[in-house]
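**Student:** Below is the sequence, then the predicted model.
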Amino acid sequence: MRFLTAGESHGPQLTAIIEGLPSQLPLGKADIDPWLRKRQGGYGRGRRMVIETDEAQIMSGVRAGRTTGAPVTLVIPNRDHRNWTEIMSPEPGGEPRKKALTDARPGHADLAGGIKYRHKDLRDVLERASARETAARVAVGSVALKLLSELGVQGANHVVSLGGIEAAEGFDWDRLDAIEENDLRTPDADAAARMRERIDAAKVAGDTLGGILEVRFRGLPVGLGSFAHYDRKLDGRIAQVCMSLQAMKGVEIGRAFDQARVPGSAVHDAIAYRDSTYVRDTNRAGGLEAGMTNGEELIVRVAMKPIATLMTPLPTVNVMTHEASDAARERSDTTAVPAAGVILQTIIGWVLADAMLEKFGGDTLPELQERVAAARAYEQAY
Ligand SMILES: Cc1cc2nc3c(=O)[nH]c(=O)nc-3n(C[C@H](O)[C@H](O)[C@H](O)COP(=O)(O)O)c2cc1C
Ligand SMILES: C=C(O[C@@H]1CC(C(=O)O)=C[C@@H](OP(=O)(O)O)[C@H]1O)C(=O)O
């Protein structure tokens with residue numbers, strides 16, 4: 001499978017085309033829109049999320065509630081575009097345009113992107129670098145999650161740390177509701193309250209916050225990905241999509257950074273054979289060994305940097321005058337850590353769905369389901 005997205009933050013719409021989905025996958029807006037809504041949520045987001053009510057229009061590849069095997073096109077309109085029609089117009093003229101950005105913001109694409117593509121109005125960089133693009137990736141990823149659910153795979157995401165406040169350990173698949181009910185996406189209500197206070201304080205100070213997200217998947221068959229070649233290794237492929245998400249600066253499988261500090265005997269998961277099946281009493285590897293799923297739960301943690309646009313701005317340089325100035329202040333989130341978990345789950349879901357199709361193939365969902373069932377039977381008999 002492959003996909004492309006296009007669209008600017010304040011342009012008319014975001015567009016995604018997915019190619020290679022099997023036919024006969026039940027699919028409708030009800031599988032996509034709840035993920036778009038979740039991505040908009042979370043305490044600490046800015047006013048843009050009040051303007052947008054993201055919804056996907058399915059423009060191709062689905063008929064009567066099922067994929068046909070043709071490319072699936074998804075469109076998400078930008079409601080805010082109506083306030084930006086002249087600023088974003090593709091027609092020439094009107095320069096310098098309103099909202100031109102020339103005070104490069106540290107931590108953004110502005111300066112390197114301006115030099116690379118030879119723009120002096122850094123809005124030409126900002127508009128596509130913006131995490132608005134993630135709405136398209138979430139729409140695509142939600143389709144992947146639907147495919148995974150038809151194959152018996154379930155995912156979850158939660159916030160483990162925000163602004164330096166740690167949530168209590170103890171993820172529980174039976175308590176997913178507690179994550180959804182909470183606008184910090186952590187089941188630890190006490191930590192959520194303290195995170196909220198810290199976000200409020202950061203906002204008052206004109207500052208921003210980052211955090212750490214965890215994404216889990218269970219029900220994955222053994223052997224997705226491969227040890228045989230670098231670009232087939234699933235850990236590498238997962239890390240790539242995580243790192244490609246705006247503001248993500250670190251990825252670990254399991255607790256890699258803690259494990260790097262202790263001996264191997266405290267890290268690797270012993271193998272046993274009980275009740276006619278292979279078992280591990282621990283899952284410190286986070287479900288991946290040598291670039292392949294090993295049948296245990298997949299556990300990925302990702303570090304998100306604090307939002308780069310600061311209302312109390314850092315010093316910068318104006319790219320027109322070369323004079324010292326304050327970084328531009330765009331409308332902005334104080335934190336987007338809870339939203340990032342939603343995005344990470346969907347985009348990791350894409351990698352897993354793609355790996356499923358690669359291993360099992362099939363033009364149709366029923367063929368894929370039969371082959372996954374056969375592989376699970378082989379796992380049991382091995
Ligand atoms: C859901 C989400 C929302 C974001 N919102 C903002 C924002 O409002 N303001 C901002 O400066 N950065 C925001 N970012 C992060 C920037 O897009 C990102 O830091 C920037 O494009 C530079 O890329 P890099 O951090 O990956 O190097 C957001 C990121 C995500 C994932
Ligand atoms: C639009 C979204 O996030 C945006 C991501 C973003 C950035 O710099 O990445 C900056 C802000 O853009 P704006 O100035 O239009 O408010 C966020 O709101 C979104 O998540 O849908």
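**Tutor:** Perfect, thanks for sending it. Ligands and ions are numbered 1, 2, ... in the order given.
**Student:** which residues touch the helix or strand containing Ile115?
**Tutor:** Using DSSP states H and E, Ile115 maps to helix 110-117. By C-beta atoms under 8 Å, 6 or more residues apart in numbering, the residues outside helix 110-117 that reach it are Leu101, Ala104, His119, Lys120, Leu122, Asp124, Val125, Leu126, Ala129, Val319, Ala328. C-beta: built from backbone N, CA, C; applies to glycine.
**Student:** how about it, does it get close to ligand 2?
**Tutor:** No - interface with ligand 2: helix 110-117 contributes nothing (C-beta under 6 Å from any ligand atom), its closest point being 10.0 Å away.
**Student:** What are the buried residues along that helix?
**Tutor:** By 16 or more other C-beta atoms under 10 Å, the buried positions in helix 110-117 come out as Asp110, Leu111, Gly113, Gly114.
**Student:** cool, and stretch 314-323?
**Tutor:** Within stretch 314-323, the residues that count as buried by 16+ other C-beta under 10 Å are Thr316, Val319.
**Student:** Could you name the specific helix or strand carrying Met195?
**Tutor:** Taking DSSP H and E as the definition, one finds Met195 inside helix 189-204.
**Student:** what do you get for Thr346?
**Tutor:** Thr346 is part of helix 337-360, with elements assigned from DSSP H and E.
**Student:** so Pro313 touches Ser332, yeah?
**Tutor:** No - judged on C-beta atoms under 8 Å, Pro313 makes no contact with Ser332 at a distance of 10.8 Å.
**Student:** on that earlier part again, of the buried residues of helix 110-117, closest to Val251?
**Tutor:** Of all those, Val251 sits closest to Gly113, with 23.3 Å by C-beta to C-beta.
**Student:** Look up how far Gly107 lies from that closest one.
**Tutor:** 12 Å (C-beta to C-beta, to the nearest Å).
**Student:** Over to Leu14?
**Tutor:** Here the criterion is C-beta to C-beta. By it, Leu14 lies 23 Å from Gly107.
**Student:** who's more crowded, these two?
**Tutor:** Leu14 (25 against 15; other C-beta atoms under 10 Å).
**Student:** Please look at the more buried one and Arg132 and confirm they touch.
**Tutor:** Yes - using C-beta under 8 Å, Leu14 is in contact with Arg132, at 7.2 Å.
**Student:** Next, show the common contact partners of the two.
**Tutor:** Gly7, Asn78.
**Student:** got the buried residues for stretch 21-32?
**Tutor:** For stretch 21-32, a neighbour-count test (16+ other C-beta under 10 Å) marks Leu21, Pro22, Ser23, Gln24, Leu25, Pro26, Leu27, Asp31, Ile32 as buried.
**Student:** Hmm, Pro338 and Asp183 touching each other?
**Tutor:** Yes - the criterion here is C-beta under 8 Å, and Asp183 meets it with Pro338 at 6.8 Å.
**Student:** Please enumerate the shared neighbours of those two.
**Tutor:** Shared contacts of Asp183 and Pro338, defined by C-beta under 8 Å, 6+ apart, are found at Gly41, Gly42, Tyr43.
**Student:** Once you drop chain neighbours, what's closest to the second one?
**Tutor:** Taking C-beta to C-beta, 6 or more residues apart in numbering as the measure, Gly42 lies nearest to Pro338, with 2.9 Å between them; neighbours along the chain are not counted.
**Student:** Report the separation between the one you found and Leu209.
**Tutor:** Separation of Pro338 from Leu209 (C-beta to C-beta) stands at 11 Å.
**Student:** Pick out whichever of those two has more residues nearby.
**Tutor:** Per other C-beta under 10 Å, whichever of Pro338 and Leu209 has more neighbours is Pro338, with 28 against 24.
**Student:** Spit out the contact partners of the more buried one.
**Tutor:** Contacts of Pro338 by C-beta under 8 Å, 6+ apart are Gly41, Gly42, Tyr43, Gly44, Val159, Leu162, Asp183, Leu184, Arg185.
**Student:** Sort out for me which of those residues are in strands.
**Tutor:** Val159, Leu162 (DSSP state E).
**Student:** From the contacts of Pro338, keep the buried residues only.
**Tutor:** Gly42, Tyr43, Gly44, Val159, Leu162, Leu184, Arg185.
**Student:** Chain neighbours aside, what residue packs nearest to the second one?
**Tutor:** Think Tyr43. Asp183 (4.4 Å).
**Student:** where does the stretch 151-300 of the chain come near ligand 1, residue by residue?
**Tutor:** Neighbours of ligand 1 within the stretch 151-300 of the chain, by C-beta under 6 Å from any ligand atom: Leu245, Gln246, Ala247.
**Student:** CSV please, covering those residues and showing distance to Arg280 and pLDDT.
**Tutor:** Formatted as CSV, these follow (distance: C-beta to C-beta, whole Å; pLDDT from 0 to 100):
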residue, distance to Arg280, pLDDT
Leu245, 30, 98
Gln246, 35, 98
Ala247, 34, 98
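**Student:** Brilliant, that's me finished.
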